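Undergrad: What would the 3D arrangement of this be:
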Amino acid sequence: MKKFVVALTAAAAFAVLPSFALAAPAADPQATAAVKAMLDAMEMRKNMLAMYAEMQKAMPSIMRQQMVGLIQADPKLNAEQKKEAIAKAEKALPQVAQTVGKIFNDPALIDEMITEMVPLYTNNYTVDEIKQLTAFYKSPIGRKMMALSPKLSAEGMAIGQRVVTPRLGKLMQDLMQDVQKP
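TA: Numbering: from 1, shown residues only. A predicted model of the protein is given here:
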């Protein structure tokens, strides 16, 4: 049960993270350089570190909410079993949160993210448009926008969690019942 709870917690944690497309073919070197200059102007590395720090702070609460929701939605468990399962999940949560923290603190993570982001921009913007975006991110309002991005992302994630989670309760209950049918 403990391994199941840990796996379930980790899966719930990563379910709330954005998913990224598969790697695209290499972009034009000029476009790649323009995107990297834009990401530098955006202070992407610094902002990603701040965003990851915010995510790490929010993750235990999000994981706890997901675990409790899944356990409460399990029709095979009676009230006492649910209480026991929640207690076991609570006990496993710090270890899972620590493991997730190691992922976010991996120095290679940001390099990989930036590498994967280059095609995102080169496939959607021309080099000239990327240069215009770079100029924006170097402007005072662009800097302010980027400085507030981690905070806005964290608050947006909390809002999304607060609005979506109640709607998922019934869906999760139905899913658990379907999965447990013989």
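Undergrad: Counting neighbours, what do you get for residue 49?
TA: By the criterion of other Cβ atoms under 10 Å, residue 49 has 16 neighbours. The C-beta positions use only the backbone N, C-alpha and C, and glycine is treated the same way.
Undergrad: Distance-wise, check residue 180 relative to residue 74.
TA: Using Cβ to Cβ, to the nearest Å, we find residue 180 at a distance of 8 Å from residue 74.
Undergrad: Just want to know which of these two has more residues nearby.
TA: Neighbours per residue (other Cβ under 10 Å) separate residue 180 from residue 74, with residue 74 holding more: 18 against 10.
Undergrad: ok, and the closest non-adjacent residue to that one?
TA: Distances taken as Cβ to Cβ, 6 or more residues apart in numbering place residue 176 nearest to residue 74, at 5.2 Å, with adjacent residues excluded.
Undergrad: and the gap between that neighbour and residue 145?
TA: 41 Å.
Undergrad: For these two, indicate the residue with more neighbours.
TA: Taking other Cβ under 10 Å, residue 176 and residue 145 do not tie; residue 176 has more neighbours (17 against 14).
Undergrad: Distance of that one relative to residue 80?
TA: Where residue 80 is concerned, residue 176 sits at a distance of 18 Å (Cβ to Cβ).
Undergrad: repeat for residue 97
TA: Taking Cβ to Cβ as the measure, residue 97 falls 26 Å from residue 80.
Undergrad: Just want to know which of those two has more residues nearby.
TA: residue 97 (19 against 8).
Undergrad: tell me which element the more buried one is part of?
TA: Using DSSP states H and E, residue 97 maps to helix 79-104.
Undergrad: Would you mind pulling up the elements that that helix packs against?
TA: With contacts defined as 3 or more Cβ pairs under 8 Å, 6 or more residues apart in numbering; DSSP states H and E, helix 79-104 has these neighbours: helix 2-15, helix 44-72.
Undergrad: Perfect, that will be all.
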